[in-house]
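J.: okay, here's the prediction I keep looking at, along with the sequence it came from:
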Amino acid sequence: MCGSFTMKKRAIPLVDLSEFTQGAPGQREAFVSKLGNAFHEIGFVGVVNHGIPKQLIDDFYAASKAFFALPQEVKKKYEIEGLAGQRGYTSFGKEHAKHSTVADLKEFFQIGQEVEEGEVPPEHYPPNVVVEEQPEFSKLGRQLYEAFEKSGGELLRAIAIHLNLDEKYFDQYIHNGNSILRAIFYPPITQEPASAIRAEQHEDINLITLLVGASAGGLQVLTKDNEWLEVVPEQDEIVINVGDMLQRLTNNYLKSTTHRVVNPPKEEWHNPRLSIPFFLHPRSDMDLTCLKACVTDERPLAYEPITAGEYLNERLREIGLKK
């Protein structure tokens, strides 16, 4: 090699979704293989040409910053009792990781599924919370929700092919699924945290998570070698990871990787962090019984049958959002 310059190695693989959505058969096949291997090996992948408009992402970031800058008494109006944080605002210090009793250093706002009248029982889908002081926040959030849902559906089609299922296997389950768009605000750190970091190590609950680049660094993933690697998305890249529901369905073949958000160096404590993940969930009635093809002598059955709704409720209790 000439000279001493070396590029920083990526922590996670990178794929181009347009190779699957618009590519020739050979490109589609290569994409499925790359995505499947990434989800099997590390559970995380970066995606470019994902179809989510940059302007929409930027506009929702700006609207989210404006919402979290509102006075606390205004934000508290949108914290709805009994919804387990699944719609509207959740104030600072409410949520913690499954194996932790110390609350994460964050507050957040969640936007959920909206269904056509008569399609499903409406009681399964509480209405979204509209912020009167900032109607654009709710409107943009809904548009971004739909864009994420579309791109996430394409990724799940590729995963279905990788698992030797019908390409549209997941379509029936994510239509009217319980997906959540979450705007997370990590305020400036003003005093030594009580052993908490911005988000303690955890795994996601859902099928897959789609995350647009955060306003500051801190996301780290745990490798098979027990090493924490920092994930820094490039421009216009989103990060996708496997959630526990997909790991469970595939009997641990696809990997729900432990990740966390660490605090910045002390000299950067004054910098807040804003992050926008989309948690792609199926409908509550989806059966998460392990796929027969994923149960082998080398990988014996690891989980009892459960529905997505039962599993979600169990996990919401574990992380302190549901009593």
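T.: Yep, it's here.
J.: remind me, longest helix of this protein?
T.: The longest helix of the chain (DSSP state H) is helix 135-162.
J.: packing partners of it?
T.: When contacts are defined as 3 or more Cβ pairs under 8 Å, 6 or more residues apart in numbering; DSSP states H and E, helix 135-162 sits against helix 18-21, helix 25-41, helix 54-68, strand 107-112, helix 171-174, strand 180-186, strand 208-212, strand 273-280. No exception for glycine: its C-beta is placed from N, CA and C like everyone else's.
J.: against which helices or strands is whichever helix or strand comes after the last one packed?
T.: Scanning forward in sequence from strand 273-280, with DSSP states H and E defining helices and strands, the next element found is helix 308-318. Packed against helix 308-318 by the contact rule (3+ Cβ pairs under 8 Å, 6+ apart) you find helix 244-249.
J.: off-centre distance for stretch 163-171?
T.: In terms of Cα atoms, centre = their mean, to the nearest Å, the centre of stretch 163-171 is found 21 Å from the chain centre.
J.: tell me the buried residues in that stretch?
T.: By neighbour count on 16 or more other Cβ atoms under 10 Å, the buried set for stretch 163-171 is 163, 169-170.
J.: switch the residues you listed over to CSV; also include distance to H50 and pLDDT.
T.: Below are these laid out as CSV (distance: Cβ to Cβ, whole Å; pLDDT from 0 to 100):
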residue, distance to H50, pLDDT
L163, 21, 97
Y169, 21, 97
F170, 17, 97
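J.: which of those residues lies closest to K75?
T.: For the buried residues of stretch 163-171, the residue nearest K75 by Cβ to Cβ is F170; the value is 34.9 Å.
J.: the closest one and V47: what is the separation?
T.: In this view, F170 and V47 are 17 Å apart by Cβ to Cβ, to the nearest Å.
J.: swap in I12?
T.: Going from I12 to V47 by Cβ to Cβ gives 10 Å.
J.: need the residues touching each of the two.
T.: The overlap between the contact sets of I12 and V47 (Cβ atoms under 8 Å, 6 or more residues apart in numbering) consists of V239.
J.: please say which of those two ends up with more neighbours.
T.: Neighbour totals were compared for I12 and V47, and V47 leads with 26 against 23 (other Cβ atoms under 10 Å).
J.: let me see the contact set for the more buried one.
T.: 14-17, 151, 155, 237-240.
J.: now do A11
T.: Listed by Cβ under 8 Å, 6+ apart, the contact set of A11 reads 44, 221, 229-232.
J.: and it, backbone torsions?
T.: Torsion angles at A11 (phi, psi; degrees, to the nearest 10) stand at phi -80, psi -30.
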